[in-house]
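Chemist: Fold the stuff below for me.
(one chain, ligands or ions: 1)
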Amino acid sequence: MTGVPEWVDGNDIAGATRELFAVDLTVARGRCATCGREAMVAEAHVYDRAPGIVARCASCESVLLRLVRAPDRAWLDLRGLSYLEVPIPAPVAPAAMPVVA
Ligand SMILES: [Zn+2]
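Modeler: The predicted structure is shown next:
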């Protein structure tokens, strides 16, 4: 045992997840966990006439994602996707560079 903790709390991924979810997810590609179809999120069948949004696979109609929004929070369920590939720009400088006016 080295005395170095093996894990840190979830606050450590704040920057990485903020970058990930500050993009347009409709251009992300995902794989349906049920049938294996790979497609852009924009190709999913979205049902939005309910309290939440449900996106279903265009091939097998399985639920890919669910999103429920409240005034001060949101719930996102992505278990219908075996992966989600999100295009993000390459970093141009150290991540947390201060802005100079
Ligand atoms: Zn499917």
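Chemist: Could you tell me which ranges of this structure sit under the pLDDT cut-off?
Modeler: Scanning the chain for pLDDT under 70 picks out 1-2, 93-101.
Chemist: Where is the longest strand in it?
Modeler: Across the chain, the longest stretch assigned as strand under DSSP state E is strand 63-70.
Chemist: how about the strands of the chain, start to end?
Modeler: 29-32, 38-40, 45-47, 52-56, 63-70, 73-77, 81-85.
Chemist: in the last one, what's buried?
Modeler: It stands for strand 81-85. residue 81 (16 or more other CB atoms under 10 Å). C-beta: built from backbone N, CA, C; applies to glycine.
Chemist: Report the strands that pair with it, each with its relative direction.
Modeler: Next to strand 81-85 in the sheet, as set by DSSP bridges, lie strand 29-32 (antiparallel).
Chemist: what sits up against the strand it pairs with?
Modeler: For strand 29-32, contacts defined as CB atoms under 8 Å, 6 or more residues apart in numbering pick out 37-41, 57, 59-60, 62, 64, 80-85.
Chemist: So which of these reach the ion?
Modeler: Near the ion, judged by CB under 5 Å from the ion, the entries from these are 37, 57, 59, 60, 62.
Chemist: what about the fourth one, how many neighbours?
Modeler: Right, the one you point to is residue 60. 12 (other CB atoms under 10 Å).
Chemist: Please name the nearest non-neighbouring residue to residue 55.
Modeler: Spatial nearest neighbour of residue 55, chain neighbours left out: residue 44 (4.0 Å); criterion: CB to CB, 6 or more residues apart in numbering.
Chemist: how near is the most centrally placed residue in the chain to the ion?
Modeler: The centre of the chain sits closest to residue 21, judged by CA atoms, centre = their mean, with a distance of 5.9 Å. Distance of residue 21 to the ion, given as CB to the ion, to the nearest Å: 23 Å.
Chemist: Paired strands for the longest strand of the chain, with orientation please.
Modeler: Assessed with DSSP bridges, strand 63-70 is paired to strand 52-56 (antiparallel), strand 73-77 (antiparallel).
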